[in-house]
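Participant: dropping a prediction and its sequence here:
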Amino acid sequence: MQAAPVRATAIPSFTDALRAVESLLMSSGQRTARRNAWASVLEDRRRAKDRVEAQRVLESVAPRS
């Protein structure tokens, strides 16, 4: 007697699940706008982190009074 073949189905990630819900609730334009807004938030955070690092470098090399 042969064993039945095993079929593995990938469990969707949390992100995949959120995107599925998002696609049900929003039109295509809203999804695009939300993703663009999130990309903008992430870019702003990256720039803020770079500014903080640049400030630390400048303060470390500035002459002390």
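Facilitator: Cool, got the structure. Numbering: from 1, shown residues only.
Participant: any weak-confidence spans in this protein?
Facilitator: Residues of the chain meeting the criterion pLDDT under 70: 1-4, 6, 8, 65.
Participant: for it, what's the longest helix?
Facilitator: In the chain, assigned by DSSP state H, the helix with the most residues is helix 28-61.
Participant: which secondary structure elements does that one contact?
Facilitator: Secondary-structure packing of helix 28-61 (3 or more Cβ pairs under 8 Å, 6 or more residues apart in numbering; DSSP states H and E): helix 14-25. All C-beta atoms are positioned from the backbone trio N, CA, C, and that covers glycine.
Participant: quick one: the helix it packs on to helix 28-61, angle?
Facilitator: Going by axes from the mean of the first three to the mean of the last three Cα atoms, to 10 degrees, helix 14-25 is angled at 140 degrees with respect to helix 28-61.
Participant: use 79 as the first number from now on
Facilitator: Got it, the first residue is 79 from now on, which makes the last one we talked about helix 92-103.
Participant: using PDB, write out every CA atom in helix 92-103.
Facilitator: Output of helix 92-103 as PDB, limited to C-alpha atoms (Å, rounded to 0.1, in the frame of the first residue of the first chain):
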ATOM      1  CA  PHE A  92       0.800  38.300   8.500                       C
ATOM      2  CA  THR A  93       1.700  40.800   5.800                       C
ATOM      3  CA  ASP A  94       0.100  38.700   3.100                       C
ATOM      4  CA  ALA A  95      -3.100  38.400   5.200                       C
ATOM      5  CA  LEU A  96      -3.200  42.200   5.800                       C
ATOM      6  CA  ARG A  97      -2.800  42.800   2.000                       C
ATOM      7  CA  ALA A  98      -5.700  40.300   1.300                       C
ATOM      8  CA  VAL A  99      -7.900  42.200   3.800                       C
ATOM      9  CA  GLU A 100      -6.800  45.500   2.400                       C
ATOM     10  CA  SER A 101      -7.700  44.400  -1.200                       C
ATOM     11  CA  LEU A 102     -11.200  43.400  -0.100                       C
ATOM     12  CA  LEU A 103     -11.800  46.700   1.700                       C
END
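Participant: so how far is that helix off the chain centroid?
Facilitator: Relative to the centre of its chain, helix 92-103 is centred 14 Å away, using Cα atoms, centre = their mean, to the nearest Å.
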